[in-house]
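Build me a model:
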Amino acid sequence: MYASQAPESDISIIAKRYTEAHDSGESIFLDASQWIELMEHFMEGMQYTLAVSAADDAGDTYPDNIAVNISRCEVYIYTENSPKAIPIIKDLTSRHSEMAAVRVLYGMYLSSTGEPKEAIEYYLSAYEEYEDSYRLNILLGEEYSSIENYGMAIRYFQKSIITDHSDDRVIDMLVEVYIKSESHTLGAHFFKRLIEKDPYNAKLWRLCGFFLYRRGDIQEAIQALEYATYISTQWSTPYYDLSEILWEEERYDDIISCLQRLLSYDTIEDPYPYSMLGKCYHQKGEIEKSCEHFLRAIHYDPLNAEGWYNLSLAHFTSGYKRQALEYIYQGLECDSNDVECLRLAWEIEESLHMWEEADAHLSSLIEHPESNEEDYMDYAYFLYERGEYTKALDILKNLRQINEKCHEAFYHMSSIYFGIGDYEKGSNMLKKALSLAPELLHVIEDNYPELIDRIPLLKQYFPIGDSEKKN
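A predicted model of the protein is given here:
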């Protein structure tokens, strides 16, 4: 029994009719072109269950229609229903192997089975005859990208985009290939070409700025991103990109002006602009404004550890240690594994003479997957100051095992040996440090000035009076 068979031309209306019929167990009648359009509609909308159902029903209605069967196979391939696709593909290739569309379909099947080079061969064999060159260029770009032949991937993606640059998905695929292959100059040139054809496209200006920055053309990148912000005044991405570049250039007033312009158009419920404004005001020494914006960033994302970190840092550097401690603990509640929160937490705790708490956070820090050599040396020095020399030496030895190129560790180890009175080991370690990295001798003067006047061997390396100045 069929449902209403009234002719419909709008695919969204047809899709609605089909969905209602599918849910009720009924059927609708469509012509071959409508079935094809319906399958494409469901695939584009990621309604894969309905797409497969439509492919099944289309096959029941038009079992011998070549175009319908090609579309059905594409649905089955993309939804990983190979058992349904294989017999249709075999039939099509045995009877219509001369057709370009069938060869492209077989290439898609080969791609789905992990045979990209063979897929490319079939695509290329159909290249001159296939009607939809835009689509075939995308397929070739995807396949070449999958085998890391980025030069050819760029070539075919560019061809498709030159034909039609309205599909953001294809542009994003090309951008990804440019980034993977570090083809930043090619990216900048290509988007400049597109801008000549479409000078009021904010996305093209934004991508042009992105690649100009990556190839080192800072001022051109800034200008391109500024154009993007003026073309699409409420699109936040180019403002954020521009802010990041200006931050690297330490142009804090320009960032403030840029983000305030964005916020003047609408309320942005995203912590980024407020966090960046807070950081800029902090750099300018305007702590009240800094904290005001950090609090707003936290308002929009109270579970963001970075927001609490920024607020804590602003208070800590202003001397409000207890308030800073409260905020950093909030950050650690959001993410107990946040490496920056851990680093700031122990510094605040140490400044408040909370030795046990600082020790615990330093211990967690050197076990952290994102820890660095500075964390190890900070912990060793912290222990040295507490008189835990053996533990401090063990940490420095562990650091040397992890990173044998960290020659600075030898200066710390040498100083600790001198500090506990083991002059032989201290001397040997100092000689080793000097042979590997003589330019780091200042480590002793910066961290252990009290040893210089006590150790004759150290005294000879520093001008008379320097240690007194340090003290």
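
C-alpha only now, for contacts and for neighbours.
Fine.

shaky segments in this protein?
Flagging of the chain using pLDDT under 70 yields the residue ranges 1-9, 463-471.

domain parsing for it?
269-371, 399-471 (automatic domain parsing).

for the residue nearest to Ser351 when sequence neighbours are not counted, what are its contacts?
Leaving aside its chain neighbours, Ser351 sits nearest to Lys321 (8.0 Å; criterion: C-alpha to C-alpha, 6 or more residues apart in numbering). Lys321 makes contact with His315, Ile348, Ser351, Leu352 under the criterion C-alpha atoms under 8 Å, 6 or more residues apart in numbering.

In PyMOL, how would I select just the buried ones from these?
Here is the PyMOL command that picks out the buried ones among those, judged by 16 or more other C-alpha atoms under 10 Å:
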select buried, resi 315+348
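
Looking at the contacts of Lys321, spot the one nearest Thr233.
Distance to Thr233 across the contacts of Lys321 (C-alpha to C-alpha) is lowest for His315, with 33.9 Å.

hang on, the earlier thing: just the ones of the contacts of Lys321 in strands?
Judged by DSSP state E, the contacts of Lys321 include no members of strands.

Helices - which of the contacts of Lys321 land there?
His315, Ile348, Ser351 (DSSP state H).

Go through stretch 65-76 and flag the buried ones.
In stretch 65-76, counting by 16+ other C-alpha under 10 Å, buried: Ile66, Val68, Asn69, Ile70, Ser71, Arg72, Cys73, Glu74, Val75, Tyr76.

Which residue ranges of the stretch 251-400 of the chain form helices?
252-265, 271-283, 287-300, 305-317, 321-334, 339-351, 355-366, 373-385, 389-402 (DSSP state H, counting those that start in this stretch).

Tabulate those (CSV), appending distance to Leu174.
As requested, the helices of the stretch 251-400 of the chain are exported to CSV (distance: least, C-alpha to C-alpha, whole Å):
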stretch, distance to Leu174
helix 252-265, 28
helix 271-283, 27
helix 287-300, 33
helix 305-317, 32
helix 321-334, 37
helix 339-351, 34
helix 355-366, 39
helix 373-385, 38
helix 389-402, 39
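
Figure out which of these is closest to Ile120.
Going by C-alpha to C-alpha, the one of the helices of the stretch 251-400 of the chain nearest Ile120 is helix 271-283, 42.9 Å.

list the buried ones in the closest one?
Under the neighbour-count criterion of 16+ other C-alpha under 10 Å, helix 271-283 has Pro271, Tyr272, Pro273, Tyr274, Ser275, Met276, Leu277, Gly278, Lys279, Cys280, Tyr281, His282 buried.

Reformat the residues you listed as a markdown table; add distance to Ile231.
A markdown table is the format used below for the buried residues of helix 271-283 (distance: C-alpha to C-alpha, whole Å):
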| residue | distance to Ile231 |
| --- | --- |
| Pro271 | 23 |
| Tyr272 | 21 |
| Pro273 | 19 |
| Tyr274 | 23 |
| Ser275 | 25 |
| Met276 | 23 |
| Leu277 | 23 |
| Gly278 | 26 |
| Lys279 | 27 |
| Cys280 | 25 |
| Tyr281 | 27 |
| His282 | 30 |
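
and which of the residues you listed is nearest Glu226?
Relative to Glu226, and with distances defined as C-alpha to C-alpha, the nearest of the buried residues of helix 271-283 is Pro273, at 16.1 Å.

Which residue lies closest in space to that closest one, excluding its sequence neighbours?
Per C-alpha to C-alpha, 6+ apart, closest to Pro273 is Leu259, 6.3 Å.

what's the one you found in contact with, if anything?
With C-alpha under 8 Å, 6+ apart, Leu259 has these contacts: Tyr239, Ser243, Pro273, Leu277.

And it, how far from Ser145?
When distance is defined by C-alpha to C-alpha, to the nearest Å, Leu259 is 37 Å away from Ser145.

Ends of stretch 413-431, what's the gap?
With C-alpha to C-alpha, one end of stretch 413-431 sits 12 Å from the other.

in it, what counts as buried?
For stretch 413-431, a neighbour-count test (16+ other C-alpha under 10 Å) marks 413-419, 423, 425-427, 429-430 as buried.

Met413 against Leu396, yeah?
Yes. Using C-alpha atoms under 8 Å, Met413 makes contact with Leu396 at a distance of 6.9 Å.

Out of the contacts of Lys321, the closest to Glu385 would be?
Using C-alpha to C-alpha, the contacts of Lys321 come closest to Glu385 at Ser351, 13.2 Å.

measure that closest one to Ser336 for me?
21 Å.
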